[in-house]
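Visitor: what would the 3D arrangement of this be:
(chains A and B)
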Number of protein chains: 2
Amino acid sequence: MIRKTRLFTPGPTPLLPAAQFAMAAADIHHRTVEFRALYQRVLDQLKEFVGTRQDVLLMACSGTGAMEASVSNLTSPGDRVLVLSAGKFGERWRDIAKAFGCQVDVVNAPYGETFLLDDVRNALKPDTRAVLMQATETSTGVRHDVEGVAELLKESKSGALLVVDAITGLGTTHLDVDGWGVDVIIGGSQKAVMIPPGLAYLSLSDRAWAAVETSKSPRYYFDLRKERKNAQKGESSYTPAVALVAALGASLDFIASQGGGDLAAGRKALVENAETCAAMTRAAVEALGLKLFAPESPAAAATAVYAPEGLDSGVIVKDLKTRFAAIVTNGQGEMKGKIFRIAHIGLFDYMDTIALIGALEQVAASTLKIPGFEFGKALAAAQNVYAERTGAKKPVAEGALAAR
Amino acid sequence: MIRKTRLFTPGPTPLLPAAQFAMAAADIHHRTVEFRALYQRVLDQLKEFVGTRQDVLLMACSGTGAMEASVSNLTSPGDRVLVLSAGKFGERWRDIAKAFGCQVDVVNAPYGETFLLDDVRNALKPDTRAVLMQATETSTGVRHDVEGVAELLKESKSGALLVVDAITGLGTTHLDVDGWGVDVIIGGSQKAVMIPPGLAYLSLSDRAWAAVETSKSPRYYFDLRKERKNAQKGESSYTPAVALVAALGASLDFIASQGGGDLAAGRKALVENAETCAAMTRAAVEALGLKLFAPESPAAAATAVYAPEGLDSGVIVKDLKTRFAAIVTNGQGEMKGKIFRIAHIGLFDYMDTIALIGALEQVAASTLKIPGFEFGKALAAAQNVYAERTGAKKPVAEGALAAR
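Guide: A predicted model of the protein is given here:
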C-alpha cells in the first residue's frame, strides 16, 4: 500500500504547510526594510506566544545553542549551579555548565520520574547562582514542576536564577513565565511552532539581564546584550535564517488563529491539543497491555512506552516505519531498546492520533505477542478519551432510530 | 483541537507533495526545448500509466472536456449512440451526445446498481456508432463491467466503438485497454494521479482514429487530429497548463516508484491500494450498522453509504467537516441527502483510512443514534480487513510473552 511518511517525533515535528510555503517564498535580503518589518513582527508575536513582557531573542542555532547562551551569559567560571536532571537533556545542562567552568551540583531523578522538591531544596546552596532544568524531559516523556521549583526558590529566598529549557515544553504544558518568576525560558523552532530546526528563542527576566552584566564567561555569537540591542532595532546580530523567520511568522499566525486571533489563547489551545492527543495515546497503550514509562508525571510533549519484556523497542520503531511510514523514536541513552516514544508536540490532530494508534494495533497484532490481543480495544480506549475530553455526546443505546 | 483539512473526496483528491513542489517550480515557457522534453516525457509516461500502445493526448480541460472530445471527434449529427447510465456521469454522456445532435439510446440502471449485459445486448442497434459508459460511476460508488461490455461488442459483431470515461476508474480498477478493445479511454488530473484539476487525457484505438476521419461534428479546441499531430512533436495545440504538466510528471514518477520503477506495476499497486482502503471502509461502515449504497458492484474509487433512516446525509458530511475537517461528499442529484461518499482514489493510505473511520465512529456516537453502538467496533472491522489483505500475521493468543 501507499505509505505517507508521518513524523510522530518530538522534534522535528510535522511542518505547517503555510510555513513551508512562506519558507519557499522567502527570497528576501535581511538588511532591508522588508525583513526588519518581518523580524520585528515575529519577535513581537514570540513575546505573546511565550507569554512574557520581556524581549524575546531569536537566534540561528538549535535549542542547545540557547541553552549554552543561558550559561555563558549568566555565569562566570567557578560559579555554582544546580542542575535538575532526569534524562538526557538534564545531562546536557550539566555538560554545558561544566564546559563553561561552573561548579555543578546535580539533583538526579531516575529516568521516567521527576525529582522531589525536597531534594531540590536540600541541594540549594547559598551561592547557587542558577538552577537549570527542563519543563519537559523529552528523552523520558516526563513533565517537571517548573511552578513548584519557582515557588521553592522564592520561599527559600535563594538568589538563584531559574533557567528553564522549555524547548519541548512551550506549547505542550502550561507555563506562566513572568508570573512564576522564570528567569530564562528557552524554545526551539522544530517543536510546537511547527517549522524546521534552525532557530532557538529565549527571553530573560530583569534579574537575569542584571546577571548578564556581571558574567565573565567568554561569548561572542551568543552575546545576548548585543542580540537584544539589535533586536530592539528589528535586526539580528549576525545573518538571520531568513526563510525560517518567514516560516515562523506564518506558524505564529496559524497558532493565533487557533486562539481566535490571540496568541496566548492559541498557545493554550496548543497545550490542550497536545494533552488530548497524549491522553488518547496513554489510554490506548494501556488498553494494549503495555506499560507507560512515566505514568506519574507524563508530559503531553511525548508519551514514552515500555516495549514488552524481552522485546527490543527498536523492533516496534522499525515496524511502524517500514509498514506504515510512521516515525516514532526509540529511547535515548540508557533507555535505548527499552522504550519507544510517540510525540504530540505541535501539528497533530485527532486523526493523526487515531491513525498512529491503529498502526500500533497492527504492530501489536503481528509482533508484540500480547495475550488476549483484539483489534479495536486500544482504538476504543482512545475514542472514549476523545469523546469525554471534547464533551462529544455519548453513544445513545436506547430510544434510537434503527440503522437502515 | 487542531483540525487539518483532509479531502476524502472523489476529485479533487489529496495532492502529492512532490507534485505540489514541481508545480510551484514550473516557471518555464511552453515553446522551448525544456518544456517539449517535459511534455514528451509525460506523454510517454501516460501511455504506460494508461496501459496502451496508442498515443495519449493531454489537454487543458476538465474530464468533461475529454468526454466532449470523444463525442465530437467520433460522431456526426444524427449518429446513433448507446449510453449506459447508472448515475450522474452516465447522464452527462447522454447530455453531451444530445448536444452534438446524436440519436441517443440509453440503458438505465437504478442508482447504486450496474446495468445487465443482456439489457446492453438488447439495446444495441446495427447502426449504433458508439457505446458510451463509465468504468466507475462516482456519483453512486458503482463499478461497471467494462470488460463484459467490450466482450459483448466483440461477440455481437457490433461495429460500435466503446468509449469509456475512466476518470475515476484509472488507478482504482483493473483496465486492459488494448487487450479488451476499449476504443477511447479518458482520465482526469484531479483523480488517481494526485494533482489539481485542469488536465484531461485520453487515447484512441486505431478504429477510433479511423472514425475521427469521417466525423462531421464541429470541433476546434478539441480537434484530436491536430492534437495528435502536435503531441507527436512534443507540443500541444494550444497553450498547455504548464504547471499541471510539471506536477503530472512528478506524480507519474511517484506512481512508478510504487511499482518498483514501473508505471504499469505502479498503476496496479494504486488499484490494490484503493481496493484495500475501500474494503476497510466497507467493513467499518457495515460494522456501524450502516447500509452500503452499492453492495453488489462497489467501486474502489469511492464508497457510498446510506445515512440512517430519517437522517439527512448532509448532517454526517457537515459533522465530519466541522468536527474533524474531514471532507466527504454528499450524494449527487436525486441521492443528495440520502447517501454520503468516502473516496479512495489516489493518495490515501492505511493511516488516512483508519483516521476517517475513527472520525466516523465519533460522528456515529454523537449523531447517528445507532442501537448498541460501541467505540472500536468499526475500527476493529477495518483492522481485521487490513490484516487479512496485507497478510499481516494474526494476533497470537497463546505461547505469548506477557506484556510488561
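Visitor: so A:Ala382 is in contact with A:Thr281, correct?
Guide: Yes. Contact criterion CB atoms under 8 Å: A:Ala382 and A:Thr281 qualify, at 7.1 Å. Using the backbone N, CA and C atoms, a C-beta is placed for each residue, glycine as well.
Visitor: joint contacts of these two?
Guide: With contacts defined as CB atoms under 8 Å, 6 or more residues apart in numbering or on different chains, the residues shared by A:Ala382 and A:Thr281 are A:Thr353, A:Ile357.
Visitor: now A:Val106: phi and psi?
Guide: Main-chain torsions, A:Val106, degrees, to the nearest 10: phi -130, psi 130.
Visitor: so which bits of the stretch 1-150 of chain A are right by chain B?
Guide: A:Met1, A:Ile2, A:Arg3, A:Lys4, A:Arg6, A:Ala24 (CB under 8 Å from any CB of the partner chain).
Visitor: OK, contacts around the first one?
Guide: With contacts defined as CB under 8 Å, 6+ apart, the neighbours of A:Met1 are B:Glu272, B:Asn273, B:Thr276, B:Asp349, B:Tyr350, B:Thr390.
Visitor: mind checking pLDDT for it?
Guide: A:Met1 carries a pLDDT value of 94.
Visitor: now swap in the fourth one and tell me
Guide: For A:Lys4, the model assigns a pLDDT of 96.
Visitor: contacting residues for it?
Guide: A:Ala325, B:Leu347, B:Asp349, B:Met351, B:Asp352.
Visitor: do the helix or strand the last one falls within and chain A come into contact?
Guide: Counting by DSSP states H and E, the element that carries B:Asp352 is helix B:350-363. Yes. Contact check for helix B:350-363 against chain A, using CB under 8 Å from any CB: residues in range are B:Tyr350, B:Met351, B:Asp352, B:Ile354, B:Ala355, B:Leu356, B:Gly358, B:Ala359, B:Glu361, B:Gln362.
Visitor: let me know the closest of those residues to A:Tyr221.
Guide: A:Tyr221 lies nearest to B:Met351 out of the residues of helix B:350-363 next to chain A, by CB to CB, at 41.5 Å.
Visitor: and the nearest residue to that closest one once chain neighbours are set aside, how many residues sit next to it?
Guide: Closest residue to B:Met351 apart from its sequence neighbours, by CB to CB, 6 or more residues apart in numbering or on different chains: A:Ala355 at 3.6 Å. For A:Ala355, the number of neighbouring residues by other CB atoms under 10 Å in any protein chain shown comes to 26.
Visitor: now A:Ala355: how far from B:Ser139?
Guide: 28 Å (CB to CB, to the nearest Å).
Visitor: then A:Arg219?
Guide: For A:Arg219, the distance to B:Ser139 - CB to CB - is 67 Å.
Visitor: look at those two and report which has more neighbours.
Guide: When A:Arg219 and B:Ser139 are compared for neighbours, B:Ser139 comes out ahead with 28 against 18, by other CB under 10 Å.
Visitor: quick one: secondary structure of the more buried one?
Guide: Three-state call for B:Ser139 (DSSP: H, G, I helix; E, B strand; the rest coil): coil.
Visitor: wait, isn't it in contact with B:Arg92?
Guide: No. Applying CB under 8 Å as the test, B:Ser139 and B:Arg92 come out as separate, 9.6 Å apart.
Visitor: pull the strand or helix carrying A:Leu38 out as CSV, backbone CA atoms only.
Guide: Under the criterion of DSSP H and E, A:Leu38 resides in helix A:33-50. Taking Å, rounded to 0.1, in the frame of the first residue of the first chain, the C-alpha atoms of helix A:33-50 are listed here in CSV:
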residue,chain,number,x,y,z
VAL,A,33,13.1,47.5,5.5
GLU,A,34,11.0,44.4,4.4
PHE,A,35,12.9,42.0,6.5
ARG,A,36,13.1,44.3,9.5
ALA,A,37,9.4,44.6,9.4
LEU,A,38,9.0,40.8,9.3
TYR,A,39,11.6,40.3,12.0
GLN,A,40,10.1,42.8,14.3
ARG,A,41,6.6,41.3,13.8
VAL,A,42,7.9,37.8,14.6
LEU,A,43,9.7,39.0,17.7
ASP,A,44,6.5,40.7,18.9
GLN,A,45,4.5,37.6,18.2
LEU,A,46,7.0,35.4,20.1
LYS,A,47,6.6,37.6,23.2
GLU,A,48,2.9,36.8,23.1
PHE,A,49,3.5,33.1,22.4
VAL,A,50,6.0,32.8,25.2
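Visitor: any idea of the mean pLDDT for the helix or strand hosting A:Leu244?
Guide: Per DSSP H and E: A:Leu244 is located in helix A:242-258. Across helix A:242-258, the average pLDDT comes to 97.
Visitor: for stretch A:58-70, same thing?
Guide: Average pLDDT, stretch A:58-70: 97.
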